[in-house]
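Peer 1: Quick one, structure for this:
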Amino acid sequence: MKTTFINGLLLHFLLEQNWVMLIGLFMLTYLIGSTFLQSMQNMQHKMERDKFEQMAYTDYLTGVFNRAYMEKQMLELNQKREAVGVVVTDIDRFKKINDRYNHLVGDQVIIHFAKTIQALLDKEDVLIRSGGEEFTIFLRNRSFEACVALVEQIRQEIERSIIRVEFGENIVDITYSASFGLSYRNANNADPVEKNYVKADNLLLRSKQHGRNLISYEEDAVTLPQSVNAGENM
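Peer 2: Below is the predicted model:
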């Protein structure tokens, strides 16, 4: 309809030999068309950039964030003064699953592990596959007690899960467990979150050494000296 109206004006000015209005209408039509085209190109470029960034930061197997995104997330957390629980977790005796079955079955266990964790997190929490069967979780703006309770909920959900997968010509049921390390940074602590990641990784090792399927945790002893049970196993 707009095109018909503009064409009508062009014909009118042409018949009236109103060259000033004719030239002005040509210029206006050109500017509107150029602006619209530029807006469409900018929108397309933004969509392409967003898609590329999503691909660059997404783990191909599980669909959660990858280790490259972890560096970006740590930088963001270091720029903010907010409470964060850093959790490092991995699947217990995962090599035995691969050895007994195969890597395709192992992949299904990893996918199940990621989906189970993700389903229990809030939107602002971040789940990252930081390597192999190991995952890192950033629990944002929660109390220390809330972080411990959530990780325990995840541990229990994993423990009672049964995965049904194809293995050769058979369908097999697989159960597994996971171990966890949790290091909590209070909002008043200016230490880099990388420090908490190292602590959480060491606490994960402690869980492994004490029998697996456990949570070892540590509250920020510098800013919260009154903390109870810091570093104990659940």
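Peer 1: What residues sit buried inside stretch 77-92?
Peer 2: Buried residues in stretch 77-92, counted by 16 or more other Cβ atoms under 10 Å: 77, 83-92. For glycine as for every other residue, the C-beta is placed from the backbone atoms N, C-alpha and C.
Peer 1: Could you list the domains of this protein?
Peer 2: Domain assignment for the chain by automatic domain parsing gives 2-56, 67-218.
Peer 1: By mean pLDDT, show me the worst of these.
Peer 2: The minimum mean pLDDT among the domains of the chain belongs to domain 2-56 (a mean of 61).
Peer 1: hmm, who's touching stretch 171-178?
Peer 2: Residues outside stretch 171-178 that contact it (Cβ atoms under 8 Å, 6 or more residues apart in numbering): 89-94, 97, 101, 105, 109, 113, 154-155, 158-159, 161-166, 212-213.
Peer 1: next one: that stretch to chain centre, how far?
Peer 2: Using Cα atoms, centre = their mean, to the nearest Å, the mean C-alpha position of stretch 171-178 is found 25 Å from that of the whole chain.
Peer 1: how about the CA coordinates for that stretch, as CSV?
Peer 2: Only the C-alpha atoms of stretch 171-178 are listed here, as CSV (Å, rounded to 0.1, in the frame of the first residue of the first chain):
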residue,chain,number,x,y,z
ILE,A,171,19.3,-52.9,27.2
VAL,A,172,21.3,-52.4,30.4
ASP,A,173,20.5,-50.4,33.6
ILE,A,174,23.4,-48.4,35.0
THR,A,175,23.7,-46.8,38.4
TYR,A,176,26.5,-44.5,39.4
SER,A,177,27.5,-41.9,42.0
ALA,A,178,29.4,-38.7,42.1
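Peer 1: Any buried residues in whichever strand or helix holds residue 75, and which?
Peer 2: Secondary structure assignment for residue 75, by DSSP states H and E: helix 67-78. Buried residues in helix 67-78, defined by neighbour count with 16+ other Cβ under 10 Å: 69-70, 73-74, 77.
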